[in-house]
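Engineer: Provided below for reference: sequence and predicted model.
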Amino acid sequence: LLFLSCIFQMDTTEESYLDLFPLDAIVYLTPDSENGKYFTYIDPSKVYVLGGLVDESIHKKLTLQRAQEQSLQTARLPIREYMVKTINAKNYHSETLAINQVFDVLSTYYETRSWPAALKAGVSSGKGYVLPDAVK
């Protein structure tokens, strides 16, 4: 797992984030965050945990389940709120991103304070989502 503190400080460790930070400071990022919880801003007092799953079809909702078992706050990127589904050959739409894509989104948002710019930087069109102005 990769965790980000204040976005620009990035650390990797074999220690559990549960041992390193207070529970109320941890936000576990998962595309399955319930109740429509998504980022409205990045809180520099929080530590954001990026879970690393490669196969979204086999492990559906696993990151959400882990966060709930650990009594952690969850959040998701605001893909649904700022992007639209686009027609594609496979009729494929996914909000599950690789760790590097999530990192690109978060670091771009932190620099620009613009979700459209951040999502454009990190969400490839292969995910089946585009910004509304890209739809022709």
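Structural biologist: In hand now; what should we look at?

Engineer: switch to C-alpha atoms for all contacts and neighbour counts from now on
Structural biologist: OK.

Engineer: ok, the residue nearest to Glu95 when sequence neighbours are not counted - contacts?
Structural biologist: Distance criterion Cα to Cα, 6 or more residues apart in numbering; nearest residue to Glu95, sequence neighbours excluded, is Pro31 at 6.0 Å. Contacts for Pro31 (Cα atoms under 8 Å, 6 or more residues apart in numbering) come out as 75-77, 95-96.

Engineer: Repeat the analysis, applying 10 Å as the threshold.
Structural biologist: 37-38, 60-61, 63-64, 74-79, 94-97 (Cα atoms under 10 Å, 6 or more residues apart in numbering).

Engineer: Can you list which of these are found in strands?
Structural biologist: Taking DSSP state E, the ones among these that sit in strands are 74-75.

Engineer: Between the contacts of Pro31, identify the one with the most neighbours.
Structural biologist: Leu77 (25 neighbours; other Cα atoms under 10 Å).

Engineer: That one and Pro31: what is the separation?
Structural biologist: Leu77 sits 7 Å away from Pro31, going by Cα to Cα, to the nearest Å.

Engineer: Looking only at residue counts, what's the top helix in this protein?
Structural biologist: Assignment by DSSP state H gives helix 99-112 as the longest helix of the chain.

Engineer: Now the common contact residues for Leu77 and Pro31.
Structural biologist: 37-38, 95-97.

Engineer: all helices for this protein, in order.
Structural biologist: Counting by DSSP H, the helices of the chain are 17-20, 62-69, 79-82, 99-112, 115-122.
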